[in-house]
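J.: Sequence plus predicted model, see below.
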Amino acid sequence: MNTWLISLQNANSPSSELMIFFHDFTMIILIFITSLILFSMIFLIFNKMINRFLLQGHLIEMIWTISPMIILIFIAIPSLKILYITEENHLNKMTIKCMGHQWYWSYEYSDFINIEFDSYMIPLKDLKSNEFRLLDTDNRCILPFNLPIRILTSSIDVIHSWTVPSLGIKMDSTPGRLNQYMLMINRPGLFFGQCSEICGMNHSFMPICIESTNFINFKNWLMNMMLP
Ligand SMILES: [Cu+2]
């Protein structure tokens, strides 16, 4: 639950769930260390006595050098594991290519004939009451849920970043380079993101809008797109 909207968005994909779990795990360690240090500092400041081993003690120095190393290893291992899981691409059934432009995104469904479209933000004056201000696009990226999808991203001009927080994605779209990510959406819905690399004047106005739906709807949409 994210009651006061101060934490991460609820997870909508397995990798995002792993990332939130890892974030909580790291926060436990972080809060433990911070409170331990805070307690010892306050204890030392408001204490008239001084420990005669405080200024030079080989044992305590060994302990506070080695224990951070062990803690860092415990953080690094799950972090690397998640990093590799999110780039694992041998299971994917479909490929979507997201190209960044100044200042809109275009999507190519490379497995099907002739499906590519641009996706611009809906300007304020055309906004309907059921659309989201600065987040909705004229052509949404339609994707089926429960299907492993390979997301490729690159850019036509400058560096952009294709980001959808609730799916746990943040990929740099670098010109001349393809970045990939394995996405599996857990449920139907609308997922929003914004370009996350300062890319020029309209950087704030090139949102990403993913509409996730079941496979039959997705197939019908594909057929309609392929007709003309
Ligand atoms: Cu951008």
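T.: Sure, I can see it.

J.: C-alpha from now on. contacts and neighbour counts both.
T.: Will do.

J.: quick one, helices of the protein?
T.: In the chain, the helices defined using DSSP state H lie at 14-45, 58-86, 215-226.

J.: Which residue would be the closest one in this protein to the ion?
T.: Closest residue of the chain to the ion, C-alpha to the ion: residue 160 (3.9 Å).

J.: Please parse the chain into its domains.
T.: Residue ranges for the domains of the chain, per automatic domain parsing: 14-86, 94-226.

J.: Let's have those in a markdown table, adding mean pLDDT and mean neighbour count.
T.: Converted to a markdown table, the domains of the chain look like this (pLDDT from 0 to 100; neighbours: other C-alpha atoms under 10 Å):
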| stretch | mean pLDDT | mean neighbour count |
| --- | --- | --- |
| domain 14-86 | 90 | 12 |
| domain 94-226 | 92 | 18 |
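
J.: Adding distance to residue 3 as columns, could you present these in a markdown table?
T.: Below are those laid out as a markdown table (distance: least, C-alpha to C-alpha, whole Å):
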| stretch | distance to residue 3 |
| --- | --- |
| domain 14-86 | 15 |
| domain 94-226 | 15 |
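
J.: can you tell me which of those comes nearest to residue 7?
T.: Minimum separation from residue 7 across the domains of the chain (C-alpha to C-alpha) falls at domain 14-86, 9.7 Å.

J.: re the thing from before, mind listing the residues bridging to the residue of the chain closest to the ion?
T.: Beta-bridge partners for residue 160, by DSSP bridges, are residue 173.

J.: And the one 4 residues further on, by the same measure?
T.: Note on residue 164: beta-bridge partners by DSSP bridges are residue 169.

J.: Identify the residues contacting it.
T.: 170, 191-194, 208 (C-alpha atoms under 8 Å, 6 or more residues apart in numbering).

J.: likewise residue 151?
T.: Residue 151 neighbours (C-alpha under 8 Å, 6+ apart): 95-98, 180-183.

J.: try 10 Å
T.: 87, 89, 92, 94-98, 162, 169, 171, 178-183 (C-alpha atoms under 10 Å, 6 or more residues apart in numbering).

J.: Get me the contact residues on this protein for the ion.
T.: Within reach of the ion by C-alpha under 5 Å from the ion, the chain has these residues: 160, 195, 199, 203.

J.: one more time with 8 Å, if that's ok
T.: 100-104, 158-161, 195-200, 202-204, 206 (C-alpha under 8 Å from the ion).

J.: In strands, which of the contacts of residue 164 appear?
T.: Within those, residues falling in strands by DSSP state E are 170, 191-194, 208.

J.: which residues are contacting stretch 8-21?
T.: Residues outside stretch 8-21 that contact it (C-alpha under 10 Å, 6+ apart) are 1-2, 7, 22-27, 78-79, 81-83, 85-87, 145-146, 165-169, 182-189, 191.
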